[in-house]
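Q: I'd like to go over a predicted model; first the sequence, then the structure.
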Amino acid sequence: MSSRHKALLSRYDDVFLLDGVRTPFVDYNTALGLVSPTDLGIKVAREVFRRTGVPPSDVDIVVAGNMAQASFDAYVLPRHIALYSGVPVEVPAHLVQRVCGTGIEAILQAGDNISLAKADLALVVGTESMSRNPIAAYTHRGGFRMGEVEFKDFLWEALLDPCPNETMGGTAEKLAKQYEITRGDADQFAAESFARAMAAQESCFLSGEIVPLTSEVFELPGYSLRGIKLSRGVDGVSKDAHIRPSPLEVLSKLKPAFGGVQTGGNSSGIVDGAAAAIIASREYLKQHNRDSLARVVAGAVVGVRPEIMGIGPVPAIQALLESAGLNLPQIDRFEINEAFAAQVLACQRELGLDRAKLNVNGGAIAIGHPLGATGVRLAITLARELKRSHLRYGVAAACIGGGQGIALLLENSSAVS
């Protein structure tokens, strides 16, 4: 049986992405290195309410996505984002985690609740501090034995999937061999990602979805103060920091990171950041005379072999389009998360995608990949690109460590006749 027939599918008629916003994505251990992902989430939540004019009191549910336990209070991250952004105390909030697909999963869970008439308006937030990934020990609760004290880097160790005993980078190398992707292919793809992102930054397309950050305090009457404190000497951050000139001749000189075609230059940037979106029902839009950025049409999640987890977007996209009754040529734009250049190239080759439709404003190699926030960022960027280009359908997708793929189908609201 094809894996697409085992896909977890969602279909919606009345679910809309009203609008969204994100922070700049900033290289880890720099300007945002000390900032909690909770506070990054609060900031984008407050900003999406400000930009849309939607009152926080209208929210029925909060869905927040986050991958790494970046603070001791991480278990209440969704609740704190809700409260400090002005959502009423009675409104429930919960956390989702589907590794690199977390942000898309959060949108789908909001869509499911709206589709089931449990909610009319959802706040969705994806947030991640790669800087604050802990140095951890999981085996010392009973004490320490001489010579057996072992602390490990969560950020590094989490790259290993012990099921196939393969690193995430190693899974990309397997796809490189399977699809005959060369080092030159990977570097060329990365150079294009940087060039496209630089063009999108210089044209101010990316700035349209970014809220600048400064040090500030978040107040919640009767409760503790929270806030953002940028690194010493940094007054503000207003644009993605990982985007930089990266020509092929520079990328080609970098050393392999996993013994093959992947390097630090053609893999996703390690950054901190957050993104938020308002997901609404058709009835809410009608009652409040509101336009939306895009209709959320459908979603799909499917499993693949862990050792080639990077191919996950392929069956997810296939299942998604089959469920929606569409074919690949009908999709005008694709946003596939650039975990690794070889991984995206494998998906492109397997699907036969036109490069001119894929990641047209650059991807995670250039912009960066804060795990829990990426999926929300992909959806916002895709919806804005469809609107700007007057195109109808777009798909956002990501591979997922452990062997999964996730995909989301959006329709430009203004392109529907």
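A: Arrived safely.
Q: CA only for contacts and neighbour counts going forward, please
A: Fine.
Q: ranges for the helices of the stretch 251-400 of the chain?
A: Assigned by DSSP state H, counting those that start in this stretch, the helices in the stretch 251-400 of the chain fall at 282-287, 313-324, 341-351, 364-367, 371-389.
Q: could you list every helix and strand that the longest one packs against?
A: With contacts defined as 3 or more CA pairs under 8 Å, 6 or more residues apart in numbering; DSSP states H and E, helix 371-389 has these neighbours: strand 15-22, helix 102-115, strand 121-128, strand 271-281, strand 333-336, strand 393-400, strand 404-412.
Q: what's the mean pLDDT across it?
A: Mean pLDDT, helix 371-389: 98.
Q: tabulate the helices and strands packed on helix 371-389 (CSV), appending distance to S203 and mean pLDDT.
A: Compiled in CSV, the helices and strands packed on helix 371-389 are given as follows (distance: least, CA to CA, whole Å; pLDDT from 0 to 100):
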stretch, distance to S203, mean pLDDT
strand 15-22, 18, 98
helix 102-115, 26, 98
strand 121-128, 26, 98
strand 271-281, 21, 98
strand 333-336, 19, 98
strand 393-400, 21, 98
strand 404-412, 21, 98
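Q: could those go into TSV alongside mean neighbour count and distance to A366?
A: Output for the helices and strands packed on helix 371-389, formatted as TSV (neighbours: other CA atoms under 10 Å; distance: least, CA to CA, whole Å):
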stretch	mean neighbour count	distance to A366
strand 15-22	28	16
helix 102-115	26	19
strand 121-128	32	17
strand 271-281	30	11
strand 333-336	26	13
strand 393-400	28	16
strand 404-412	28	21
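Q: nearest to S323, out of those?
A: strand 404-412 (10.5 Å; CA to CA).
Q: partner strands of that closest one, parallel or antiparallel?
A: Strand 404-412 has its sheet partners listed here by DSSP bridges as strand 294-303 (antiparallel), strand 393-400 (antiparallel).
Q: adding distance to V89, write the ones you listed out as CSV.
A: Formatted as CSV, the strands paired with strand 404-412 follow (distance: least, CA to CA, whole Å):
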stretch, distance to V89
strand 294-303, 28
strand 393-400, 33
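Q: so where is the stretch 51-200 of the chain shaky, pLDDT-wise?
A: For the stretch 51-200 of the chain, no stretch has pLDDT under 70.
Q: now do the SS call for L175.
A: Using DSSP: H, G, I helix; E, B strand; the rest coil, the structure places L175 in helix.
Q: coming back round to it: now render the helices and strands packed on helix 371-389 as JSON lines, adding distance to K357.
A: Shown next, in JSON lines, are the helices and strands packed on helix 371-389 (distance: least, CA to CA, whole Å):
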{"stretch": "strand 15-22", "distance to K357": "21"}
{"stretch": "helix 102-115", "distance to K357": "20"}
{"stretch": "strand 121-128", "distance to K357": "25"}
{"stretch": "strand 271-281", "distance to K357": "23"}
{"stretch": "strand 333-336", "distance to K357": "5"}
{"stretch": "strand 393-400", "distance to K357": "9"}
{"stretch": "strand 404-412", "distance to K357": "15"}
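Q: against L9, how distant is G111?
A: Noted for G111: a distance of 12 Å to L9, by CA to CA, to the nearest Å.
Q: repeat that for F49.
A: From F49 to L9 the distance is 30 Å (CA to CA).
Q: looking at the helices and strands packed on helix 371-389, which is closest to R79?
A: It's strand 121-128; of the helices and strands packed on helix 371-389, that one is closest to R79 (CA to CA) at 11.3 Å.
Q: does anything pack onto that closest one? Which helices or strands?
A: helix 37-52, strand 61-65, helix 102-115, strand 271-281, helix 371-389.
Q: contacting residues around the helix or strand following it?
A: Next along the chain after strand 121-128, taking DSSP states H and E as the criterion, comes strand 135-136. Strand 135-136 has contacts (CA atoms under 8 Å, 6 or more residues apart in numbering) with F151, K152, D153, F154.
Q: just the buried ones from those?
A: Buried residues within those, counting neighbours by 16 or more other CA atoms under 10 Å: F154.
Q: tabulate the contacts of strand 135-136 (a markdown table), appending distance to I367 and secondary structure.
A: Formatted as a markdown table, these follow (distance: CA to CA, whole Å; DSSP: H, G, I helix; E, B strand; the rest coil):
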| residue | distance to I367 | secondary structure |
| --- | --- | --- |
| F151 | 31 | coil |
| K152 | 27 | strand |
| D153 | 24 | strand |
| F154 | 22 | helix |
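Q: in TSV: the helices and strands packed on strand 121-128, plus distance to A257.
A: Shown next, in TSV, are the helices and strands packed on strand 121-128 (distance: least, CA to CA, whole Å):
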stretch	distance to A257
helix 37-52	28
strand 61-65	28
helix 102-115	25
strand 271-281	18
helix 371-389	20
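Q: how about the helices of the stretch 101-250 of the chain, start to end?
A: 102-115, 154-157, 168-178, 183-202, 248-251.
Q: so what does the longest one touch, helix or strand wise?
A: So the one you mean is helix 183-202. Helices and strands touching helix 183-202, by 3+ CA pairs under 8 Å, 6+ apart, are helix 248-251, helix 341-351, helix 364-367.
Q: now the longest one - C-alpha only, CSV.
A: Which is helix 341-351. Taking C-alpha atoms only, helix 341-351 is exported to CSV below (Å, rounded to 0.1, in the frame of the first residue of the first chain):
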residue,chain,number,x,y,z
ALA,A,341,20.2,21.3,0.0
ALA,A,342,20.4,17.6,-1.0
GLN,A,343,17.1,16.9,0.8
VAL,A,344,15.2,19.6,-1.1
LEU,A,345,16.8,18.7,-4.4
ALA,A,346,15.8,15.0,-3.9
CYS,A,347,12.2,16.2,-3.3
GLN,A,348,12.3,18.5,-6.4
ARG,A,349,13.6,15.7,-8.6
GLU,A,350,11.2,13.1,-7.3
LEU,A,351,8.2,15.4,-7.8
